[in-house]
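1. Based on what follows, work out the 3D shape:
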Amino acid sequence: MGQFFAEMSFVDIFNLSILLVFTCCYAYQIFYVLVVLKNPTPRKIAKKNHRYAVLISARNESAVIGDLIHSIKVQNYPQELIDIFVIADNCTDNTAAVAQEAGAIVFPRFNKEYIGKGYALTYGFKCIKQNYSENEYEAYFVFDADNVLDVNYFREMNAVFDSGAKASTSYRNSKNFDSNWISAGYALWFLREAKYLSQARLLLDTSCAISGTGWFVSAELIDKAGGWQWHLLTEDIEFSAATICKGERISFCPTAVLYDEQPVTFKDSWNQRFRWAKGFYQVFWHYGFKLLKGIFTNKKGYRFACYDMLMTIAPGMLLSIITIFFNLAVVVLAVSGIMSTGIAVATSLSSVFFCLFNYTVVMFLFGALTTFTEWDNILASTSMKIRSMFTFPLFMLTYIPIALVALVKKATWKPIKHNISVNVDEFATATDNVSRA
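-> Model (predicted):
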């Protein structure tokens with residue numbers, strides 16, 4: 001072994017080390033796939049119906065918020081146990097009026113200094129505590145204004161809460177998978193996250209993470225925290241990391257189906273994913289050491305959850321970028337005559353190629369696997385489903401420049417326009433497929 005390393009160049013050793021780090025850190029996600037394929041989808045039945053408050057942060061969402069509220073109003077769940085609150089956050093349209101007419105209680109908020117969903121949720125929780133504490137809500141659901149829920153969503157999530165979960169996410173599907181390759185890329189990622197990350201974690205009795213929308217948190221956790229306290233650019237991941245660090249488990253309900261509208265322009269996609277990338281860096285900076293410590297100090301059964309969450313927020317994409325730039329730098333130095341050419345150039349060029357090629361292949365395999373196993377749940381034509389398997393790696397590759405720019409550029413909240421109005425009845429067939437899975 002010593003002779004083998006002695007014959008290797010520094011470039012070879014560097015690239016092999018990066019490969020080994022990636023393999024050791026993320027190989028467990030292959031095991032996740034096997035766990036999901038081997039085991040049936042778990043399902044719970046509630047013994048009691050609980051009382052919930054719904055929080056919806058909305059900024060100029062008059063075109064879609066009525067659909068979400070309607071889908072909540074027609075739930076297969078006692079309506080007297082659900083109250084809907086909309087935080088009309090810095091709106092310049094009639095979102096507040098539309099929401100109120102649809103049956104929601106509206107909290108207008110105008111604050112140009114503290115901008116973002118995290119601050120809007122803080123305001124919403126504060127208003128509920130001040131004005132509706134007598135309702136004694138047992139948990140709070142959080143949705144984005146562009147969502148639409150399956151009619152059994154609350155019934156299924158209630159079963160998870162009734163089983164003792166302090167927080168839970170749900171199955172995130174897409175309204176507009178078939179709009180273009182961008183919306184399809186998003187949709188496949190969220191379907192893969194639900195099926196091959198969250199469901200695997202549920203089966204292994206470890207912790208999931210909430211992802212933007214479609215989740216609940218118990219009143220107990222909110223009261224312990226003194227309200228909503230998470231305000232980084234990715235407040236959902238921050239909440240997940242903080243919750244896992246404290247030794248709490250986030251559950252998943254594979255039979256509670258939510259439909260989300262995805263961006264269709266590259267500009268909107270860039271702005272959104274740029275904020276996500278910056279937010280992940282922030283969460284890693286604030287919670288990375290706590291999660292690392294939790295791997296060794298958390299109570300038994302929660303240590304792997306810390307490791308999994310650490311790998312989720314760790315800047316793995318940044319490590320890929322460093323690898324690519326390192327090898328390109330070697331090529332430039334060799335061509336300019338600063339260092340010897342030949343083997344070094346060939347090694348570096350091949351490393352850059354295989355780094356990108358391997359990433360593309362892995363993303364294609366994940367996309368193809370998700371497409372075939374979730375085929376009946378994807379609302380798109382056959383040709384679009386097939387095409388999306390090949391465009392999904394391209395969508396994921398665009399994260400490379402996004403992650404790079406996020407290192408040096410400040411990110412702010414920029415609204416994403418939503419205008420796809422749908423009725424929950426349009427999704428009945430797809431929802432039935434998920435329930436039978």
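2. Next secondary structure element downstream of the lengthiest strand in the chain?
-> In the chain, with assignment by DSSP state E, the single longest strand is strand 251-260. Moving toward the C-terminus from strand 251-260, the next helix or strand (DSSP states H and E) is helix 266-297.
3. which of the residues in that next one are buried?
-> Neighbour-count burial for helix 266-297 flags 268-284, 287-288, 290-291, 294-295 (criterion: 16 or more other C-beta atoms under 10 Å). For the C-beta atoms, the positions are set from N, CA and C on the backbone; glycine is no exception.
4. ok, now which ones touch the one residue sitting closest to the centre of the chain?
-> Central residue of the chain (C-alpha atoms, centre = their mean): residue 211, 3.3 Å from the mean position. Residue 211 makes contact with 169, 172, 190, 193, 236, according to C-beta atoms under 8 Å, 6 or more residues apart in numbering.
5. Quick check: the fourth one vs residue 74, distance?
-> Computed with C-beta to C-beta, to the nearest Å, the distance linking residue 193 and residue 74 is 27 Å.
6. which of the two has more neighbours?
-> Comparing residue 193 with residue 74 by other C-beta atoms under 10 Å, the one with more neighbours is residue 193, at 18 against 14.
7. if I read this right, the more buried one contacts residue 171, doesn't it?
-> No. Applying C-beta atoms under 8 Å as the test, residue 193 and residue 171 come out as separate, 9.9 Å apart.
8. what is in contact with these two at once?
-> By C-beta under 8 Å, 6+ apart, no residue touches both residue 193 and residue 171.
9. element containing the nearest residue to residue 265 once chain neighbours are set aside?
-> The spatial neighbour of residue 265 that comes closest, neighbours along the chain excluded (C-beta to C-beta, 6 or more residues apart in numbering), is residue 182 at 7.2 Å. Residue 182 is located in helix 181-193, with elements delineated by DSSP H and E.
10. So which residues lie in contact with that helix, not counting its own?
-> Applying C-beta under 8 Å, 6+ apart, the set of residues contacting helix 181-193 is 172-174, 176-178, 211, 260, 262-266, 269, 366-367, 369-371, 374, 377-378, 380, 384, 387-388, 391-392, 394-396.
11. Please produce a PyMOL select command covering the buried subset of the residues you listed.
-> A single PyMOL command selects the buried members of the contacts of helix 181-193 (16+ other C-beta under 10 Å):
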select buried, resi 172+173+174+176+177+178+211+260+262+263+264+269+366+367+369+370+371+374+377+378+380+384+387+388+391+392+395+396
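12. Mind giving me the packing neighbours of the longest strand of the chain?
-> strand 148-149, helix 153-162, strand 167-174, helix 199-203, helix 428-436 (3 or more C-beta pairs under 8 Å, 6 or more residues apart in numbering; DSSP states H and E).
13. Let's see that with 6 Å instead.
-> helix 153-162, strand 167-174, helix 428-436 (3 or more C-beta pairs under 6 Å, 6 or more residues apart in numbering; DSSP states H and E).
14. mean pLDDT for these: which is lowest?
-> Note on the helices and strands packed on strand 251-260: helix 428-436 shows the lowest mean pLDDT, a mean of 51.
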